[in-house]
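Novice: okay, structure incoming, though there's no sequence with it:
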């Protein structure tokens, strides 16, 4: 079985500040890990993914995430928040399975 | 544009009515999925089809049925809608190949369903 826990349902940051979204997973086998972003009234868009190899993964819009096996974490960061980053973010895990399991989501608000 | 197309985008049903949500993808993907999204609960898998000709239940299949019509199309049917089925429904597809789960999903834009 696989599952995802996103710490914090809502994060508020100032424009230009660091964005940090936390994700912990459980998986019985080496996982594939994903971050998706959802803008209001839209579908989910893939930000980045970890499958194998380098544990620091870079994605679109300046986001990156680091896979830490010892901590079972896959936290998402962006050094400098922009107003356009306001959205809901979902972490997801797959364990060599046809299904993705999603976290409950974290809503990011960016203050001017 | 290539991708996943869902119809309709919005729907209001009365309790007990039936309807079918349509989904089509033009990326030659093998696997297709139906999720529902509710506030604070993330996305929950209703049904999926790992490949043409197969369907399987996900976390929350009760009250739903699916049909994998062909490789492109995967429909979700509500036989007797209930207010608890008010939600946003997303279809997704994935090119799974020999490494299931590795490639993530491409999502449609969703169907907002209200059951009154």
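Specialist: Nice, thanks for sending it over. None of the values given here were measured: they were computed from a predicted structure.
Novice: which stretches of chain A form helices?
Specialist: Assigned by DSSP state H, chain A shows no helices.
Novice: pLDDT weak spots in the chain?
Specialist: Looking at chain A here, since you left the chain open. Applying pLDDT under 70 to chain A flags the ranges A:96.
Novice: think we crossed wires, I meant chain B
Specialist: Residues of chain B meeting the criterion pLDDT under 70: B:1, B:97-100.
Novice: near chain B, which residues of chain A are found?
Specialist: With C-beta under 8 Å from any C-beta of the partner chain as the criterion, chain A comes near chain B at residues A:9, A:32, A:34, A:36, A:41-46, A:49, A:51, A:90, A:92, A:94-105. No exception for glycine: its C-beta is placed from N, CA and C like everyone else's.
Novice: and those residues, which of them are buried?
Specialist: Taking 16 or more other C-beta atoms under 10 Å in any protein chain shown as the criterion, what is buried in the residues of chain A next to chain B is A:32, A:34, A:36, A:43-44, A:46, A:49, A:51, A:90, A:92, A:94-95, A:97-105.
Novice: among those residues, which are located in strands?
Specialist: Judged by DSSP state E, strands contain the following of these: A:32, A:34, A:36, A:44, A:46, A:49, A:90, A:92, A:94, A:101, A:102.
Novice: columns distance to residue B:7 on top of the residues you listed, output as JSON lines?
Specialist: Output for these, formatted as JSON lines (distance: C-beta to C-beta, whole Å):
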{"residue": "A:32", "distance to residue B:7": "30"}
{"residue": "A:34", "distance to residue B:7": "26"}
{"residue": "A:36", "distance to residue B:7": "22"}
{"residue": "A:44", "distance to residue B:7": "18"}
{"residue": "A:46", "distance to residue B:7": "23"}
{"residue": "A:49", "distance to residue B:7": "28"}
{"residue": "A:90", "distance to residue B:7": "24"}
{"residue": "A:92", "distance to residue B:7": "25"}
{"residue": "A:94", "distance to residue B:7": "28"}
{"residue": "A:101", "distance to residue B:7": "27"}
{"residue": "A:102", "distance to residue B:7": "23"}
